[in-house]
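K.L.:
compute the structure for the input listed below.
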Amino acid sequence: MGVYKVKDKYYIDFYTDGRRIRKPVGSKRDAENALAAVKADILRGEYRFKGRVRIRFDDFAEEYLEYLKVNKKSWHRNKASLKSLIPHFKEMLLSKITPAHIEEYKRKRLYEDKVQPSTINRDLACLRHMFNIAKKLKDYDGENPVKDVDFFQERQYVMKILDKEESDRLINEAKDYLKPMIIVALNTGMRRGELFNLRWNDVDFAEHYIFVKKTKSGFMRKIPMNDLVAETLKNIKRENEFVFCNPKTKDRLACIQRPFKAACRKAAVPDLRFHDLRHTSATYMVTGGVDLATVSQILGHSDIKMTMKYAHPTPENKRNAVNVLASVFGPGEKKEVATIRSQEPKKKEVSPLLSNN
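P.N.:
Numbering: from 1, shown residues only. Reported below is the predicted structural model:
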């Protein structure tokens, strides 16, 4: 049992009948008095569990966000959705939100706010998860209203690989604070979330390594830095512990969708997602002759089968492959071909994908 504060609101936290209950109360004194009254009722056996069906959306949103910070690595994406959800559902009780209300939210976001269907789907996913957590925490005992709401059908995504000219244009058109992130993404294959979470103490300039600690697989990995990445990172002004920061708030970057899309538009590379920079990086490493095992480790794939999609057979590569066989089995002088053995891959220098020229 106890009293705690979230932003400007005080909550009481207690257990009864094996269930945890948290209620928002006004001031700290009110919360202390309310908790004392609850304790007395519980001791006398007079407390009756009423549930949390009276909790408001904005009150639970604060509690939900605190839950995410502890239990979900990608909680910043949900935080972005909450910024849109809270103004719409704000003072509504969780128990009063119906599929019809959610359909109204979809309509407003699509036609008034001019938001992409994919973004609305992320908001709906956040809302669905929010109700599930409310039930898990015994803050809500009704049905999840999102289960009766249809998500928008999204366009089938096609992987796009940038060529050198396109990547140069993209970097040139990007805002100054976004340029370094794009360069590092192209030259390391790091995911967007990994870049957002990158801290200065994760960068070893002496040994030229980046240590990626918060990964999708849950396992830390280290990525060698080429000279371009090292130089790019050294030129970033250190605002706080995170490498990539919001130029206005100086906080850790959490969303770059709009500035990235604007840069893509100006660079004439439509339908490009930030994740395509990772695909581009992987493709250039594979076509540049880097073995799949090494590429897989750099990308942090848990299964090398995931890396196989970047091995695109080309007519030229196929012809070279059979020419190797002809050099061995054809007439004339035989060329010695090295037998492949299982061994520790040798370190090899890989030229940066992008240059400063």
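K.L.:
all strands for the stretch 201-350 of the chain, in order.
P.N.:
Ranges of strands in the stretch 201-350 of the chain, per DSSP state E, counting those that start in this stretch, are 203-204, 209-212, 221-224.
K.L.:
in JSON lines, list those strands along with distance to I236, mean neighbour count and mean pLDDT.
P.N.:
C-betas here are computed from N, CA, C, even on glycine. Converted to JSON lines, these look like this (distance: least, Cβ to Cβ, whole Å; neighbours: other Cβ atoms under 10 Å; pLDDT from 0 to 100):
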{"stretch": "strand 203-204", "distance to I236": "10", "mean neighbour count": "16", "mean pLDDT": "97"}
{"stretch": "strand 209-212", "distance to I236": "13", "mean neighbour count": "18", "mean pLDDT": "96"}
{"stretch": "strand 221-224", "distance to I236": "17", "mean neighbour count": "17", "mean pLDDT": "94"}
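K.L.:
to K147, which of these lies closest?
P.N.:
Nearest to K147 among the strands of the stretch 201-350 of the chain is strand 209-212; the distance by Cβ to Cβ comes to 35.9 Å.
K.L.:
coming back round to it: pipe the strands of the stretch 201-350 of the chain into CSV and attach distance to R169 per row.
P.N.:
CSV is the format used below for those (distance: least, Cβ to Cβ, whole Å):
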stretch, distance to R169
strand 203-204, 27
strand 209-212, 26
strand 221-224, 25
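K.L.:
all helices of the stretch 101-250 of the chain, in order?
P.N.:
Here the stretch 101-250 of the chain has its helices, by DSSP state H, counting those that start in this stretch, at 117-136, 164-173, 179-188, 192-196, 227-234.
K.L.:
shaky segments in the chain?
P.N.:
In the prediction, the chain carries residues with pLDDT under 70 at positions 16-19, 44-53, 312-314, 332-357.
K.L.:
can you say which of the helices of the stretch 101-250 of the chain is packed in most?
P.N.:
Comparing those by mean neighbour count (mean count of other Cβ atoms under 10 Å), helix 179-188 ranks first with a mean of 22.
K.L.:
list of residues touching that helix?
P.N.:
Helix 179-188 has contacts (Cβ atoms under 8 Å, 6 or more residues apart in numbering) with 162, 167, 170-171, 174, 190, 192, 195, 210, 223, 225-226, 228-229, 232-233, 235-236, 244, 253, 256, 263, 274, 277-278, 280-281, 298, 352-354.
K.L.:
cool, stretch 296-311 as well?
P.N.:
Stretch 296-311 is contacted from outside by 188-189, 191, 212, 215-217, 219, 221, 223-224, 278-279, 282-283, 285-286, 292-293, 295, using Cβ under 8 Å, 6+ apart.
K.L.:
appreciated, that's everything.
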